[in-house]
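> I need the structure of the sequence given here:
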Amino acid sequence: MESHKRQESYNMRFEPLGQKMFTRRNWLLRCSILINVAVILYIGSQLMIGGGNNFANGGSFMLQEQQQPMVSALQMAAASQVPQQQPTPKNQNSAAIFEAEERLLAHADATGAAEVAAAAAAAAVAAAQAAEAAPPVPANDSGGVPSLTDPNQLIGNIGAGGNAVPNPELNNTQSDSYIVTGDEKELEERVRSLINCYDRDYHQQTLQRGDFWVLQNYVRAEHGEVKCHESITYTTHADYTFLDNLIPLLERWSAPVSIAMHAPGTDFQPTVDSIRYLRECLPGSHLVRAYTTFHIYFGTKHIPRAVPKPQDVFKTGYNCTLPPPYFNITSGHLYKAQKKLLYPVNVGRNIARDSALTHFILASDIELYPNPGLVKKFLEMIARNEQYLRRKAPRVFPLAIFEVEESSPVPHDKTELQEFLRTGKAIPFHKRVCASCHGVPKSKEWMAANETDELSVFHIGKRTGYYIHWEPIYIGTHADPHYDERLSWEGKSDKMPQLSFRAMRCAFWIMNSIYWIMHFWCTNRALKC
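Numbering: from 1, shown residues only. Model prediction:
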């Protein structure tokens, strides 16, 4: 009898406790569901908001050409709870997204996770129906590549594909039916209205950059102050033995050039003499004076004995009867080689880039020559402000690169380049040294596509798969990552800002008729090519 009473009291004492545990488990399950929904919505809001790497800045971490189905479904479910507001997923602002999230969570708390799942499923069906009716998205290396039998079809897909995202940092209130008229001022005003940039100082100054002294704007171009929207600056680096490439480059570029010259110790004087010779003694000297700004840098432990003030460099004329100071000079004659110094390639690249006056910059090597007319065609493309150019995704504009024999002329346009490739006078850049380092995605289709009068985007590529080691030369902006100054030329690989671009998930927008030419076969790994 007593044992029966004890068992009865035992059941009475523990039965409510079991009910409480069951209730707690039920609430924990609900809370976990709500937390998962909140996390998915938060990720979705980040996809929708983005950081926006338009032509003014580069902070976005997601390419918004494709949205995850579940994220879209949950966002549409959130929107269904607010019938009076009907923003599309690509144009709602952060405040609206967070308000929708709060309403969805409140609704889930009241009705349970089952109704939320039902709403999400219904929204997914609606999203699928909308996707069927939407125009195709452009091809990219992440998937969804259309037929490549006709390269022109690929160009058309990019031009018309997808719902473009209006970028809040661009002024898209102007008509997008801009027609190129040839009026330079009209073009400049159009570009200025579309990009957010600020004009930069053009002062001569001495700076310290890590272990280096920098004579910024030591010899300035005669173009004077340049507005940030007016042009593109070609930024490069060299020692004085490479300056024979400058005038051929300027003849095809005809726009500002910012070049950082490494001149430690006794290399300083022949560097200055080479600059004077280029500015005073050659038929193309007017191009050097008009467009080229020279910066000089050297290590803090390798300061030249005498560094004249910039205004004193040209007090006396140069004796042009003398041979060029850079003529027939091998690298073994350099102070750098004698002292066994490493060539700080990325320091030079960053100095030249940071000193550029324009918003758009093209960081390249001085041996690479562009096809004529690149600057104007690129700015005209920006001025047209077509839909695909207004997408909120980090992007740069790489160029296809080729080599021609030193004895051959440099092709003037893409049509002539195609003939060079067909006859074997030109080959893809580094084909015999490191084919994957400079191979451009869809390169065969690019070579087969006909040249066009207007510049446009041919293909959107990524540094993935076979192209993981791709080191593109590209048109970018001051917002792009800097080069890692810890790396030297002798280190060879990873001199480009590869990891930063991968972290940003940067897209590489390959243009249809723009290319780079190196004017000799690059077969020796010891060469700076």
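> remind me which residues of this protein are low pLDDT?
Low-confidence segments of the chain, defined by pLDDT under 70: 1-22, 45-182, 388, 393, 430-439, 463-464, 466-467, 469, 488-506, 513-529.
> domain parsing for it?
2-133, 146-191+370-529, 197-366 (automatic domain parsing).
> And for the nearest residue to T266 once chain neighbours are set aside, the neighbour number?
Leaving aside its chain neighbours, T266 sits nearest to Y335 (4.7 Å; criterion: C-beta to C-beta, 6 or more residues apart in numbering). Any C-beta I mention is one placed from the backbone N, CA and C, and that applies to glycine too. When neighbours are counted by other C-beta atoms under 10 Å, Y335 registers 19.
> One more: E471?
E471: 19 surrounding residues under other C-beta under 10 Å.
> any idea how far Y343 is from it?
Remark: distance between E471 and Y343 (C-beta to C-beta, to the nearest Å) = 17 Å.
> Check P324 too.
Look at P324 and Y343: by C-beta to C-beta, they are 21 Å apart.
> okay, the two: which has more neighbours?
Counted by other C-beta under 10 Å, P324 and Y343 do not tie: Y343 has more neighbours, with 20 against 17.
> List the buried residues for stretch 214-225?
By 16 or more other C-beta atoms under 10 Å, the buried positions in stretch 214-225 come out as 214-221, 223.
> List the contacts of that stretch.
199, 202-208, 256-257, 260, 275, 279, 289-297, 307, 310, 313, 351, 355, 357 (C-beta atoms under 8 Å, 6 or more residues apart in numbering).
> From the contact counts, what lies against the helix or strand containing S258?
Assigned by DSSP states H and E, S258 belongs to strand 257-262. Secondary-structure packing of strand 257-262 (3 or more C-beta pairs under 8 Å, 6 or more residues apart in numbering; DSSP states H and E): strand 232-238, helix 246-253, strand 292-299, helix 345-354.
> picking up where we left off before, H478 versus the residue nearest to T266, what's the distance?
Distance, Y335 to H478, by C-beta to C-beta: 32 Å.
> Which parts of the stretch 301-450 of the chain are strands?
360-363, 368-370, 395-398, 400-404, 426-428 (DSSP state E, counting those that start in this stretch).
> name the helices or strands packed onto the last one?
Which is strand 426-428. Packing partners of strand 426-428 (3+ C-beta pairs under 8 Å, 6+ apart): strand 400-404, helix 414-423.
> Describe which strands that strand pairs with in its sheet and in which direction.
Strand pairing for strand 426-428, using DSSP bridges, gives strand 400-404 (antiparallel).
> Alpha carbons of the partner strand, as PDB, please.
Output in PDB follows, covering the C-alpha atoms of strand 400-404 (Å, rounded to 0.1, in the frame of the first residue of the first chain):
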ATOM      1  CA  ALA A 400      43.700  40.600 -74.500                       C
ATOM      2  CA  ILE A 401      47.500  40.600 -74.900                       C
ATOM      3  CA  PHE A 402      49.600  39.300 -77.900                       C
ATOM      4  CA  GLU A 403      53.300  39.300 -79.000                       C
ATOM      5  CA  VAL A 404      54.700  40.000 -82.400                       C
END
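> Just the angle for it relative to helix 414-423, thanks.
In terms of direction (axes from the mean of the first three to the mean of the last three C-alpha atoms, to 10 degrees), strand 400-404 departs from helix 414-423 by 60 degrees.
> So which bits of stretch 408-427 are buried?
By neighbour count on 16+ other C-beta under 10 Å, the buried set for stretch 408-427 is 410-411, 414, 416-418, 420-421, 425-427.
> TSV please, covering those and showing distance to D267.
TSV is the format used below for these (distance: C-beta to C-beta, whole Å):
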residue	distance to D267
V410	29
P411	34
K414	39
E416	38
L417	36
Q418	41
F420	36
L421	38
K425	35
A426	34
I427	33
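> quick one: which of these is nearest to K376?
K414 (15.8 Å; C-beta to C-beta).
> which residue sits closest to that closest one, ignoring its sequence neighbours?
Closest residue in space to K414, ignoring its immediate chain neighbours: E451 at 4.0 Å, by C-beta to C-beta, 6+ apart.
> ok, that neighbour - contacts?
E451 makes contact with 413-415, 512-513 under the criterion C-beta under 8 Å, 6+ apart.
> Could you tell me how far it is located from Y318?
Distance, E451 to Y318, using C-beta to C-beta: 41 Å.
> And for Y198?
From Y198 across to Y318, the span is 37 Å (C-beta to C-beta).
> the more surrounded of the two?
The neighbour comparison of Y198 against Y318 (other C-beta under 10 Å) goes to Y318, with 18 against 9.
> give the contact list for the more buried one.
Contact analysis of Y318 by C-beta under 8 Å, 6+ apart lists 273, 276-277, 280-281.
> Repeat the analysis, applying 10 Å as the threshold.
The contact partners of Y318, taken as C-beta atoms under 10 Å, 6 or more residues apart in numbering, are 272-281, 325.
> any chance of these in a markdown table, plus distance to N26?
Formatted as a markdown table, those follow (distance: C-beta to C-beta, whole Å):
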| residue | distance to N26 |
| --- | --- |
| V272 | 81 |
| D273 | 85 |
| S274 | 81 |
| I275 | 80 |
| R276 | 85 |
| Y277 | 85 |
| L278 | 81 |
| R279 | 82 |
| E280 | 87 |
| C281 | 88 |
| P325 | 85 |
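> Among these, give me the pair with the biggest separation.
V272 and C281 (14.0 Å).
> Looking at those two now, which is surrounded by more residues?
Applying other C-beta under 10 Å to V272 and C281 shows that V272 carries more neighbours, namely 24 against 15.
> ok, now how distant is the more buried one from G224?
22 Å.
> try F360
For F360, the distance to G224 - C-beta to C-beta - is 19 Å.
> What number of residues are in the vicinity of the closest residue to H262 other than its chain neighbours?
Spatial nearest neighbour of H262, excluding adjacent residues (C-beta to C-beta, 6+ apart): D239 at 5.1 Å. By other C-beta under 10 Å, 24 other residues sit near D239.
> Then Y202?
Y202: 16 surrounding residues under other C-beta under 10 Å.
> likewise V313?
For V313, the number of neighbouring residues by other C-beta under 10 Å comes to 16.
> so it makes contact with V272?
Yes - taking contacts as C-beta atoms under 10 Å, V313 lies within contact range of V272: 6.2 Å.
> if I look at those two, which residues touch both of them?
Counting by C-beta under 10 Å, 6+ apart, the contacts common to V313 and V272 are 218-219, 294.
> Alright, that wraps it up for me.
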